[in-house]
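Student: heads up, no residue letters with this:
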């Protein structure tokens, strides 16, 4: 009988109940909130469901030494996590993004790239704020990239500059990407007048197939020569777009924009979520990162909208003025921030369609965030 009780006692020591802490329960609760928001509110379900479930997986209490945790070398989760830790997944996602993206809105209105560039001030603004809060320069750079509203870029840069903060940075970036409509709309309304919101922009010109093929080649050469350190992201982004626009590699483009990006997004979400183990995630630094991440989104949106207003001061022809509601789309959350521009614009004037124009700064923001990551990596890496 004594042997039976000893066996039961030993079994109990290995259960999650015996090893559970309040921190584990908190993180499991946050994971459940993520899943609920994804299903009920449909906020970025492709991201929040894998991340939320990953949080639950990563915070199941376990007896030390079982070699199954995400931070235990040789475990299955740890092997999958290497794609995040070593920065393999983000370039693959950029390949898929490139294969899905139509740069026509940007090609037809090149001036819109300036809006995407202006919105990147959220990155450098958050970088300076992080320094003020006592983060090391490399940590501040990794935190700042949250302002680009680009989860894969945030993971790529943090894996190089601040691996220990990668879980908090990645979850922060994806959380605020899901909250783009909630965060951006009040700022857009606050910074614009009713007259500005009603500005109607002319229909963009039609872009030729030749222009679409030339753009990814020229775009890559220019950006890669400016920031060679951004090569993994920029190269895959423009390569994926060339696969799409060339017209002769349809199978490769379909694979990159479909099965490949779906698989990688699932793995990156699950493993990033699993990396938020309570003992490593619940800290003052994590709370500060979430706060700075929110500020970076606010700064990016504000700079994008205000920059359009500044541009309009120098545009004398009223027919060529830009609706400042598309300024929010300068962040890299494609196409969610462009949809916010469209939604807010149509609430003011149901006949005013801004989506086709907002996609210009939106795709410029994708390029801009990758360039900003390359800049930060070049002097902080």
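Tutor: Good, I have the coordinates. From a predicted model like this one, the values you see are computed outputs, not experimental measurements. Residues are numbered from 1 along each chain as shown.
Student: Where does the prediction get shaky in this structure?
Tutor: For the chain, applying pLDDT under 70 flags the ranges 1-2, 381.
Student: starting at the chain centroid, how far to the biggest helix by length in it?
Tutor: Longest helix in the chain, counting residues (DSSP state H): helix 284-313. Centroid displacement of helix 284-313 relative to its chain, using CA atoms, centre = their mean, to the nearest Å, is 14 Å.
Student: now swap in stretch 361-381 and tell me
Tutor: 12 Å.
Student: follow-up on the earlier one: would you indicate which residues of the longest helix of the chain are buried?
Tutor: By 16 or more other CB atoms under 10 Å, the buried positions in helix 284-313 come out as 285-286, 288-290, 292-308, 311-312. All C-beta atoms are positioned from the backbone trio N, CA, C, and that covers glycine.
Student: Please name every helix or strand in contact with that helix.
Tutor: Contacts defined by 3 or more CB pairs under 8 Å, 6 or more residues apart in numbering; DSSP states H and E place helix 284-313 against helix 113-119, helix 121-132, helix 137-144, helix 166-178, helix 180-191.
Student: Of all these, which one is nearest residue 12?
Tutor: Minimum separation from residue 12 across the helices and strands packed on helix 284-313 (CB to CB) falls at helix 166-178, 29.8 Å.
Student: re the thing from before, would you format the helices and strands packed on helix 284-313 as a markdown table with distance to residue 203 and mean neighbour count included?
Tutor: Below are those laid out as a markdown table (distance: least, CB to CB, whole Å; neighbours: other CB atoms under 10 Å):
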| stretch | distance to residue 203 | mean neighbour count |
| --- | --- | --- |
| helix 113-119 | 18 | 25 |
| helix 121-132 | 30 | 21 |
| helix 137-144 | 37 | 26 |
| helix 166-178 | 29 | 26 |
| helix 180-191 | 23 | 18 |
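Student: what about the nearest residue to residue 197 once chain neighbours are set aside, how many neighbours?
Tutor: If the residues on either side of it in the chain are set aside, residue 197 comes closest to residue 348, at 4.5 Å by CB to CB, 6 or more residues apart in numbering. By other CB atoms under 10 Å, the residues close to residue 348 number 15.
Student: Residue 348 contacts residue 198, doesn't it?
Tutor: Yes. Residue 348 lies in contact with residue 198 (CB atoms under 8 Å); the separation is 6.0 Å.
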